[in-house]
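Enquirer: fold the following and give me the result.
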Amino acid sequence: MATDTLVESPQSTLSGVARVLVHAGRLSARTAEDLARSARERKTSFVSAVVAAGAVKPDELAHTLSTSLALPLLDLNAVDLQKLPRNLVDPKTASQYQLIVLGKRGNRLFIGAADPTDQEAVERIKFATQLTPEWVIVEYDKLMRQLEAQGGNANEVLESLAGGDFDFDVTDDTTATVETNEVSAEVEDAPVVRFLQKMLIDAINARASDLHFEPYEYHYRVRFRIDGELREITQPPIAIKDKLASRIKVISRMDIAEKRVPQDGRMKLKFGSKAIDFRVSTLPTLFGEKVVIRILDPSSAKLGIEALGYEKIEKERLMQAIGRPYGMILVTGPTGSGKTVSLYTCLNILNQPGVNIATVEDPAEINLPGINQVNVNDRAGLTFAAALKSFLRQDPDIIMVGEIRDLETADIAIKAAQTGHLVMSTLHTNDAPTTLTRLLNMGVAPFNIAASVLLITAQRLARRLCETCKKPAEYPREALLKAGFAEADIDGNWRPYRAVGCSACNNGYKGRVGLYQVMPITEAIQTIILGEGSAMDIARQAQKEGVRDLRQSGLIKVRAGMTTLEEVITVTNE
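Expert: Residues are numbered from 1 along each chain as shown. Now for the predicted structure:
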């Protein structure tokens, strides 16, 4: 609020709210002058100075002004603030003069304020709205909370949320030009820029895989996916939703004017001494654009096979399969189960100067030097199938297909596997045996599956126990047996661990560990496929050959103290 109209100078007689409070006996003249001087020096309102100093409580201040000035008093807690008119006074004006529009009747505009003596505000409102302001007294603290909720003080709120300095910049190759001054101001709004930087830095430090920026009718929230779980981080002012979406879109090279259709983009930002890639997706919702940012960590593709959590026999089966000159290797599991990281790890092992490797993905998540990566572009006609056909004319040794989605892609991939190429791909199935029946249901001939598929790996990610705070747990013997443990496993002094939680972890968990079902296609399984046997027939044969299912793989991790029984049951409960 403008303060010059409240107190003209330290030597002048008191005016406005200060005079009312002194006359009512709420403040002494000396205290009022001191507070007025403090308000001027801090460039804030006299009312905010009074409340901040604790000289008069907000409710007592409101009652005193209402009685002394014969103005109505309104409790904002008794009003449905979401239904108040929002387009009669500019939010910046409402924030500057610390007021809220309560309603309009005829040519009268009802204004809620903690200081109804500000003549500059009266003239500004009259000029902007061509209406006559009618003052209603409201309590200062409730008014400020509402202004923050409406976004009138969005910049101040964002600055407090994003306090601190950042060394976090858009790299040169992702900067975009902005044509209009209006758009430029929107995407370069300093508090919004700093808030976005703060969220990205916090997400990286928290080891998050995704950031969700979600607009709703009356609030806006930010969530991080940490160790596979979504967690609400903050609720910034809803007024920033459009500016934040525009800022993200411009540095991701999207069309910031297009808000009606989903868009995809990428951005690369400098974080300290290294650059980190982000994959960005926007989605129009009822109340604005939801933005999801996936953090693409290049180091995850270079972890090495040892870090992925394969047991010895599973690792040997996988290494034997990727060492074959031709055939198909399939990795299956739901979205977010680590399939891409597993495939990238295998490709890094095979990436040698004498090998030609090509991948087609939707999109390519991590840049792998020495490997020819292609992004699917359906609009341009560059589908998985079209890219695969082109690969076969490019003299490849190893081909990676991001996902087999249809019969055409499956047929081309299988033909490539049968003609001297090692092919790797993913499918969305629950376990290894059902992958074979899924290919049959797609229309792939049984003899082609039996002749080309070398190995299928099904996988899940379970949260890893924090080594700092995990504690032994007591379970009934019956519960352990029902979960899948054998009698021999639970005899002796062994006890499973439970999650506790400490300052170094997230509710007792820190990081994730892989659970794997690695199933080689043996002659016996080939016979079942050619006989068009069911997934259950294949699963029984795999068990006879020593292939652990996902639950059994998880129980091994429980016995090793890596995760909890509850976590394994949750991720393998199918």
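Enquirer: what about the stretch 1-150 of the chain, any weak spots by pLDDT?
Expert: Counting by pLDDT under 70, the stretch 1-150 of the chain has low-confidence residues at 1-13, 81-82, 86-87, 148-150.
Enquirer: can you pull the buried residues of stretch 98-115?
Expert: Using 16 or more other Cβ atoms under 10 Å as the test for burial, stretch 98-115 gives 98-103, 109-115. Placement of C-beta: from N, CA and C, glycine included.
Enquirer: can you tell me the SS state at the residue nearest the centre of the chain?
Expert: Nearest to the centroid of the C-alpha atoms of the chain, with distances taken as Cα atoms, centre = their mean, sits Leu211, at 1.6 Å. Reduced to three states with DSSP: H, G, I helix; E, B strand; the rest coil, the structure at Leu211 is strand.
Enquirer: distance of it relative to Thr282?
Expert: 13 Å (Cβ to Cβ, to the nearest Å).
Enquirer: what would the buried residues of stretch 98-115 look like in JSON lines with distance to Val568 and secondary structure?
Expert: Listed next are the buried residues of stretch 98-115 as JSON lines, based on distance: Cβ to Cβ, whole Å; DSSP: H, G, I helix; E, B strand; the rest coil:
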{"residue": "Gln98", "distance to Val568": "55", "secondary structure": "coil"}
{"residue": "Leu99", "distance to Val568": "57", "secondary structure": "strand"}
{"residue": "Ile100", "distance to Val568": "53", "secondary structure": "strand"}
{"residue": "Val101", "distance to Val568": "56", "secondary structure": "strand"}
{"residue": "Leu102", "distance to Val568": "57", "secondary structure": "strand"}
{"residue": "Gly103", "distance to Val568": "58", "secondary structure": "strand"}
{"residue": "Leu109", "distance to Val568": "63", "secondary structure": "strand"}
{"residue": "Phe110", "distance to Val568": "61", "secondary structure": "strand"}
{"residue": "Ile111", "distance to Val568": "60", "secondary structure": "strand"}
{"residue": "Gly112", "distance to Val568": "56", "secondary structure": "strand"}
{"residue": "Ala113", "distance to Val568": "59", "secondary structure": "strand"}
{"residue": "Ala114", "distance to Val568": "57", "secondary structure": "coil"}
{"residue": "Asp115", "distance to Val568": "61", "secondary structure": "coil"}
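Enquirer: pick out the most distant pair among those.
Expert: Gly103 and Asp115 (19.6 Å; Cβ to Cβ).
Enquirer: buried sites along stretch 443-463?
Expert: Quick answer for stretch 443-463 (16+ other Cβ under 10 Å): 444, 446, 448-463.
Enquirer: from the residues you listed, which land in strands?
Expert: Among those, DSSP state E puts 453-463 in strands.
Enquirer: check which helices and strands the stretch of helix or strand Thr64 belongs to is in contact with.
Expert: With secondary structure defined by DSSP states H and E, Thr64 is part of helix 58-69. Secondary-structure packing of helix 58-69 (3 or more Cβ pairs under 8 Å, 6 or more residues apart in numbering; DSSP states H and E): helix 16-23, helix 46-53, strand 132-137, helix 140-150.
Enquirer: how about those in a markdown table, adding mean neighbour count?
Expert: Shown next, in a markdown table, are those (neighbours: other Cβ atoms under 10 Å):
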| stretch | mean neighbour count |
| --- | --- |
| helix 16-23 | 21 |
| helix 46-53 | 22 |
| strand 132-137 | 19 |
| helix 140-150 | 19 |
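Enquirer: JSON lines for those, including distance to Val291?
Expert: Converted to JSON lines, the helices and strands packed on helix 58-69 look like this (distance: least, Cβ to Cβ, whole Å):
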{"stretch": "helix 16-23", "distance to Val291": "43"}
{"stretch": "helix 46-53", "distance to Val291": "34"}
{"stretch": "strand 132-137", "distance to Val291": "38"}
{"stretch": "helix 140-150", "distance to Val291": "21"}
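Enquirer: SS state for the residue lying closest to Glu60 once chain neighbours are set aside?
Expert: Spatially, and ignoring its direct neighbours in sequence, Glu60 is nearest to Arg26 (7.1 Å; Cβ to Cβ, 6 or more residues apart in numbering). Taken by three-state DSSP, the conformation at Arg26 corresponds to coil.
Enquirer: what does the one 5 residues further on give?
Expert: Using three-state DSSP as the criterion, the local structure at Thr31 reads helix.
Enquirer: how about it, what does it touch?
Expert: Thr31 makes contacts with Ala55, as judged by Cβ atoms under 8 Å, 6 or more residues apart in numbering.
Enquirer: so how far is the helix holding Thr64 from its chain's centroid?
Expert: Here the centre of helix 58-69 is set off from its chain's centre by 46 Å, with Cα atoms, centre = their mean, to the nearest Å.
Enquirer: one more: stretch 90-108?
Expert: Distance, centroid of stretch 90-108 to centroid of chain: 35 Å (Cα atoms, centre = their mean).
Enquirer: do the same with stretch 454-468
Expert: 22 Å.
Enquirer: before we move on, what about stretch 557-566?
Expert: 28 Å.
Enquirer: for that stretch, output the C-alpha coordinates as PDB.
Expert: The C-alpha atoms that make up stretch 557-566 are tabulated as PDB, following Å, rounded to 0.1, in the frame of the first residue of the first chain:
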ATOM      1  CA  LYS A 557      16.400 -59.500  -1.500                       C
ATOM      2  CA  VAL A 558      14.400 -59.700   1.800                       C
ATOM      3  CA  ARG A 559      16.700 -62.400   3.100                       C
ATOM      4  CA  ALA A 560      19.700 -60.200   2.200                       C
ATOM      5  CA  GLY A 561      18.300 -57.300   4.200                       C
ATOM      6  CA  MET A 562      18.000 -55.100   1.100                       C
ATOM      7  CA  THR A 563      14.200 -54.500   1.300                       C
ATOM      8  CA  THR A 564      11.100 -55.300   3.300                       C
ATOM      9  CA  LEU A 565       8.600 -58.100   2.900                       C
ATOM     10  CA  GLU A 566       5.800 -55.500   2.600                       C
END
